[in-house]
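Participant: Model the structure of this input:
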Amino acid sequence: MPVFTLHDVTLDLPEVLITKALAARLADGSYEADEIAAAKCRVGPGMRVLDLGAGLGVISVLAARVAGAENVLSVEANPALLPVLRDTFDRNGQGGIRLMHGAVKQGEGGGNVAFQVPRAILGASLARSGAPEDEIVEVPSLGLESLLYDHRPELVMMDIEGAEERLFDQPWNPEMRFMVLELHPPRYSDRVIKRIVDCMSDSGLTYDPATSRGRVLGFRRVRRKG
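Facilitator: Below is the predicted model:
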């Protein structure tokens, strides 16, 4: 299997994952570059980190090296990536990262949800109308409220391929200090982006220029006076 190194994280990937575009981005260091820079900027020792849409596991590993593996919860909906993630964690000395399988939705979760896994595997997302039947799998539905209550993250990293549009209808928990998410404008309107920004404001967070770039949008908690 092809082996890549990105920010000192070793990735031993199955051939089915490797497209020319992905191989090029891993080789030149541009894969998730903005998210990685944001994580390096905000992860601190002992910080509780929630990585939603863990992908290949690079951000989870980098967070664990600073915060401690026991403080990182990595969530991935794509079943094809679970063995890749576990191998990446173990291979890089971060086997203590907690890995959960499921798609995150508003509410308490439970049951299953239809999930689309394209042939290239990466870029999988909640199934939309018209998705090919042979790309649809059922995955566990994980409730956002339960994840926030159980893990109490101080930093949330999120890249869930458009499903974020369903997670910002009510304020998030007050323990969260930082949020970094990748927006997916082709999948929803500007009104959804406004709702995300408004929700973070209602949660006591404001725009974070240190972690924002392009489609990656960062927020930080507003410090109280005095």
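
Participant: longest single helix anywhere in the chain?
Facilitator: Ranked by residue count, the top helix of the chain under DSSP state H comes out as helix 190-202.

Participant: Which of the three states applies to residue 84?
Facilitator: Following DSSP: H, G, I helix; E, B strand; the rest coil, residue 84 is assigned to helix.

Participant: Contacts only, for it.
Facilitator: Residue 84 is in contact with 13, 14, 17, 56, 57, counting by Cβ atoms under 8 Å, 6 or more residues apart in numbering. C-beta coordinates here come from the backbone N, C-alpha and C atoms, glycine included.

Participant: what ranges do the helices span in the chain?
Facilitator: Under DSSP H, the chain gives helices at 20-28, 33-42, 58-67, 82-91, 144-151, 190-202.

Participant: Tell me which of the ones you listed sits most buried.
Facilitator: helix 58-67 (a mean of 24; mean count of other Cβ atoms under 10 Å).

Participant: Show me what it is packed against.
Facilitator: strand 9-12, helix 33-42, strand 49-52, strand 72-76, helix 82-91, strand 155-158 (3 or more Cβ pairs under 8 Å, 6 or more residues apart in numbering; DSSP states H and E).

Participant: what's the offset of it from the middle of its chain?
Facilitator: The chain centre lies 13 Å from the centre of helix 58-67; the measure is Cα atoms, centre = their mean, to the nearest Å.

Participant: Let me know the angle separating that helix from strand 72-76.
Facilitator: 170 degrees (axes from the mean of the first three to the mean of the last three Cα atoms, to 10 degrees).

Participant: Okay, angle between helix 58-67 and helix 33-42 too, please.
Facilitator: Going by the same axes, to 10 degrees, helix 58-67 makes 10 degrees with helix 33-42.

Participant: what about helix 58-67, average pLDDT?
Facilitator: Helix 58-67 shows a mean pLDDT of 98.

Participant: residues making contact with that helix?
Facilitator: Contacts of helix 58-67 (Cβ under 8 Å, 6+ apart): 6-7, 9, 11, 31-32, 35-36, 39-40, 43-49, 51, 54, 71-72, 74, 85, 88-89, 92, 94, 96-97, 155, 157.

Participant: Go again with 6 Å.
Facilitator: 6, 9, 39, 43, 47, 49, 51, 54, 72, 74, 92, 94, 97, 157 (Cβ atoms under 6 Å, 6 or more residues apart in numbering).
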